[in-house]
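Colleague: Curious how this folds, go ahead:
(chains A and B)
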Protein chains: 2
Amino acid sequence: MQAELISIGTELTTGAVIDTNAPWLAERLTRLGVPVSRQVTLADSRRHIAGAIGQAATRTGLVVVTGGLGPTPDDLTRHALADAAGVPLERDEASAGRIAEFFAKIGKPMPESNLVQALVPAGARVLDNPHGTAPGLALCVGRAMVFALPGVPREMKPMFENAVEPWVRAQGGTGVAVRALRTFGAGESRVAEQLGDLLDPGRNPAVGTTAGDAVITVRIVAAAATPEQADQMADADVHTVRRILGPLVFGTGEDTLGAVVGAQLADRGLSLSVAESCTGGLLGAMITDVPGSSAYFAGGYVTYSNARKVADLGVDAELIKRCGAVSGPVAEAMAAGCRARIGTDYALSITGIAGPDGGTADKPVGLVYVGLADPLGACCKRCLFSDRLDRAAIRRRSAHVALNLLRLTLRATT
Amino acid sequence: MQAELISIGTELTTGAVIDTNAPWLAERLTRLGVPVSRQVTLADSRRHIAGAIGQAATRTGLVVVTGGLGPTPDDLTRHALADAAGVPLERDEASAGRIAEFFAKIGKPMPESNLVQALVPAGARVLDNPHGTAPGLALCVGRAMVFALPGVPREMKPMFENAVEPWVRAQGGTGVAVRALRTFGAGESRVAEQLGDLLDPGRNPAVGTTAGDAVITVRIVAAAATPEQADQMADADVHTVRRILGPLVFGTGEDTLGAVVGAQLADRGLSLSVAESCTGGLLGAMITDVPGSSAYFAGGYVTYSNARKVADLGVDAELIKRCGAVSGPVAEAMAAGCRARIGTDYALSITGIAGPDGGTADKPVGLVYVGLADPLGACCKRCLFSDRLDRAAIRRRSAHVALNLLRLTLRATT
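Modeller: I've put the predicted structure just below:
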């Protein structure tokens, strides 16, 4: 079986919004052993959407439509799906009740328009949406199963997992196993060089790399006659990749550096605080993105100005004058001061020039110092990020470098 | 005239790479007055690509294909284009010469495979590629003009500007104008209700809404005989939408709440600090995401634990005991304490339960208090976010609510 994807929305065909749903669905379906043969993006036109659903249903066994299920007049997917199947729309009382309930719970009056979301093509299965008001729909069109999912990724993804994935699995098994190893500390081409022949096109398992904010993910996709065989092949490659890359590997799947460092701290009953300058709170936000982070994260300081570095962290004003706020000694003093003030086992600090302004010949945009204080003292790491990176990328990478510094330190002191 | 886009590559249909070419082209073509009616993504299959080009050419006057022009065996666009036009491939000597020259210039031997890039469909115009080896192609298929451009964005974009844009302009003028208004403070269905008939499908200008982290964007697309007429129509609708939505509108285009509040502060020479609990630094990160934010942002405190709220912000430990850390009085005390410690004109605070754990019957997950301190005192706003939102969404919305509270306060005190 193959699948086709249809993404709906004038915000997509005008380029105002980038469609992240289609690549996400493509990846998930590929992993499930269902290659995506075609993906179509259409503006909000009932006739065009109905036509595209009808055509896709003649070519393939599974069609996944995203978007156009909202309450406004430009949301036309349910009408188009009914047209494609040649059935009328009917009011689904259970959906109407759930929508009314949703508004009652948040204590707001329900706009009448929301009830259009309770209209479903006759014969369609209604897919519950625990994360929003738009229910999804599943309906046979010709020989194909068509799923219509909401366009909001946060609502679409769980609905895919709860409705589409089980349907695909029930269609019967080929074996595909997917693994991902997350690495930090070497660039994508260096990781690729170390992996060598493993990356050969056509190899099974297929091994590939993708990069995001200096986190390099190594992805392994094994295909075999049965799921068990595929699992064995994938796991053998995981073992090989781990052996080759060693401490560069920090996690698996969707692990973040924040979650991995958090688990290291929690396991050993250690605590952490942060002092941030150019990242302005981003490091703290990454750490506290992890549920339960209050077990090891006490808090921190955003010392954006020099005055705050002196007042909140006790950094010597003379030191800032002599070395500059963006320097190794100040990064170390920030971390040490933060650790002392808050009384944590570890403290991380970041000071740098994220740009686009503020760079000089001596200290260009992209120069960042990351500090770490622990019971033995303080140290720092100097980074000079490429001038191709923008402010947001420099900030995200700086926070990653800080978390990785702590990860390796904790690893070395096990 | 309308356009269709075709993106080629198995890396796209497997979700390994996100297609940024299609949205870029869609935006450029929309601005040129050529709406994109459909965008198709296909794997590397000569037959499917040829079929898609042929179908698109029956529906529309302009087809832009990206990708599949490289030197490897899975690059099949030139073959497919020849198939769709029903012409053979021929060797273009000028292209062969330019490719050899390119390799001579970078001082590397030319792989023989690169010469496939000198094969062109008979009758096609060759589009020079100053940034790589793959020349582009332009060829009439039926009544449509088909442009095939490289998939590498750095090579594709200048070729679009040098070849496609002049061709579109030469077809004579239609005008399209696009506007976006950004709003905060009402849900999408509430905004839609207020906009009423403006959202009617088929209306020109077309008005639509999209939502992200409680920011509702109202998009206006006007089509007319000339760009000037389209601008006038779009601006008239902007005026109407602004009149209807009033202070809900905080900006235009891609404006963020952080940037808009920053501009308000900078214009009036005012300063800001923040005290964050459940957002853990995210509010500071949003504020400092704006270049030049050091002009008005001094810094702040991430007081994740109660002890830090007392030590860094001077919140009364008794108050926390009596009201709880997640309460209006504590939010106000956090903001007032932060403002006093750092000495800024304004201070924002956030304390809440982002979940998934930590909620109680009295204080459920999603309960967040946002505090604001200014020269006149402190106030707070209570939010109860839907239990359909996850931790990350609650944190992003909380930071948005805080920024919006300051925006409205600054607006009221102009």
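Colleague: residues touching residue A:364, list them.
Modeller: The neighbourhood of residue A:364, defined by Cβ atoms under 8 Å, 6 or more residues apart in numbering or on different chains, consists of A:353, A:384, A:387. Every residue, glycine included, has its C-beta placed from N, CA and C.
Colleague: How about residue A:389?
Modeller: By Cβ under 8 Å, 6+ apart, the residues touching residue A:389 are A:366, A:397.
Colleague: Quick check: which element contains it?
Modeller: Assigned by DSSP states H and E, residue A:389 belongs to no helix or strand.
Colleague: tell me the phi and psi of it?
Modeller: phi -90, psi 140 (degrees, to the nearest 10).
Colleague: Next: residue A:93.
Modeller: Main-chain dihedrals, residue A:93, degrees, to the nearest 10: phi -70, psi -40.
Colleague: Tally up the residues packed near the closest residue to it other than its chain neighbours, please.
Modeller: Excluding its sequence neighbours, the residue lying closest to residue A:93 (Cβ to Cβ, 6 or more residues apart in numbering or on different chains) is residue A:118, at 7.6 Å. Counted with other Cβ atoms under 10 Å in any protein chain shown, residues neighbouring residue A:118 total 22.
Colleague: Verify the stated contact: residue A:118 with residue A:89.
Modeller: No: taking contacts as Cβ atoms under 8 Å, residue A:118 lies outside contact range of residue A:89: 10.0 Å.
Colleague: where along the stretch 51-200 of chain A do the helices fall?
Modeller: Using DSSP state H, counting those that start in this stretch, the helices of the stretch 51-200 of chain A run over A:77-85, A:93-105, A:153-159, A:165-170, A:188-195.
Colleague: so which of those helices is the most packed in?
Modeller: helix A:77-85 (a mean of 24; mean count of other Cβ atoms under 10 Å in any protein chain shown).
Colleague: ok, and what's touching it?
Modeller: A:8, A:46-47, A:49-51, A:53-54, A:57, A:65, A:67-69, A:88-89, A:116, A:119-124, A:137, A:139-141, A:146, A:148.
Colleague: got it, and stretch A:313-322?
Modeller: Residues contacting stretch A:313-322 (Cβ under 8 Å, 6+ apart): A:275, A:301, A:303, A:306, A:309-310, A:329-330, A:333-334, A:337-338, A:340-341.
Colleague: Give me the buried positions along it.
Modeller: Within stretch A:313-322, the residues that qualify as buried are A:313, A:315, A:319, A:320, counting by 16 or more other Cβ atoms under 10 Å in any protein chain shown.
Colleague: Go through the residues you listed and flag which are in helices.
Modeller: In helices, judged by DSSP state H, the following of these are found: A:313, A:319, A:320.
Colleague: Give the residue spans of chain A that score low on pLDDT.
Modeller: For chain A, the stretches flagged by pLDDT under 70 are A:173-174, A:201, A:414.
Colleague: tell me the domain ranges of it?
Modeller: For chain A, automatic domain parsing gives the domain ranges A:3-170, A:175-252, A:257-412.
Colleague: so the spatially most central residue of chain A is in which element?
Modeller: Nearest to the centroid of the C-alpha atoms of chain A, with distances taken as Cα atoms, centre = their mean, sits residue A:254, at 7.5 Å. Assigned by DSSP H and E, residue A:254 belongs to no helix or strand.
Colleague: Pull the contacting residues for the closest residue to it other than its chain neighbours.
Modeller: Among residues not flanking residue A:254 along the chain, residue A:180 sits closest, at 7.7 Å (Cβ to Cβ, 6+ apart). Shown in contact with residue A:180 (Cβ under 8 Å, 6+ apart): A:217, A:218, A:219, A:220, A:252, A:253, A:254.
Colleague: So which of those residues is the closest to residue A:281?
Modeller: Using Cβ to Cβ, residue A:254 comes nearest to residue A:281 of the contacts of residue A:180, at 23.0 Å.
Colleague: separation between that closest one and residue A:67?
Modeller: 24 Å (Cβ to Cβ, to the nearest Å).
Colleague: so residue A:216 is in which element?
Modeller: strand A:215-224.
Colleague: and for that strand, what are the contacting residues?
Modeller: The contact list for strand A:215-224 (Cβ under 8 Å, 6+ apart) reads A:30-31, A:33, A:174-184, A:186-188, A:191, A:195, A:204-211, A:230-231, A:233-234, A:237-238, A:241, A:245, A:257, A:400, B:16.
Colleague: what about the closest residue to residue A:259 other than its chain neighbours, how many neighbours?
Modeller: Nearest residue to residue A:259, sequence neighbours excluded (Cβ to Cβ, 6+ apart): residue A:290, at 4.8 Å. If you count neighbours by other Cβ under 10 Å, residue A:290 ends up with 21.
Colleague: Check residue A:51 too.
Modeller: 16.
Colleague: What separation do you get for it and residue B:26?
Modeller: According to Cβ to Cβ, residue A:51 and residue B:26 sit 20 Å apart.
Colleague: And the strands in the stretch 201-350 of chain A, which stretches?
Modeller: A:206-212, A:215-224, A:249-252, A:272-276, A:297-303, A:346-352 (DSSP state E, counting those that start in this stretch).
Colleague: is it possible to export the ones you listed to CSV including mean neighbour count and distance to residue B:269?
Modeller: Conversion of those to CSV gives the following (neighbours: other Cβ atoms under 10 Å in any protein chain shown; distance: least, Cβ to Cβ, whole Å):
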stretch, mean neighbour count, distance to residue B:269
strand A:206-212, 16, 39
strand A:215-224, 21, 40
strand A:249-252, 19, 45
strand A:272-276, 32, 25
strand A:297-303, 30, 21
strand A:346-352, 29, 26
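Colleague: Return the list of helices and strands in contact with the lengthiest helix in chain A.
Modeller: The longest helix of chain A (DSSP H) is helix A:391-412. Under the contact criterion of 3 or more Cβ pairs under 8 Å, 6 or more residues apart in numbering or on different chains; DSSP states H and E, helix A:391-412 touches strand A:175-184, helix A:257-268, helix A:282-288, strand A:346-352, strand A:367-374, strand A:377-384.
Colleague: Name all residues that make contact with residue A:392.
Modeller: Taking Cβ under 8 Å, 6+ apart as the test, what residue A:392 contacts is residue B:289.
Colleague: could you measure it against residue A:277, distance?
Modeller: Distance, residue A:392 to residue A:277, using Cβ to Cβ: 16 Å.
Colleague: Around chain B, which positions in the stretch 151-300 of chain A sit nearby?
Modeller: A:152, A:154, A:208, A:210, A:219, A:274, A:276, A:278-285, A:287-289, A:291-294, A:297-300 (Cβ under 8 Å from any Cβ of the partner chain).
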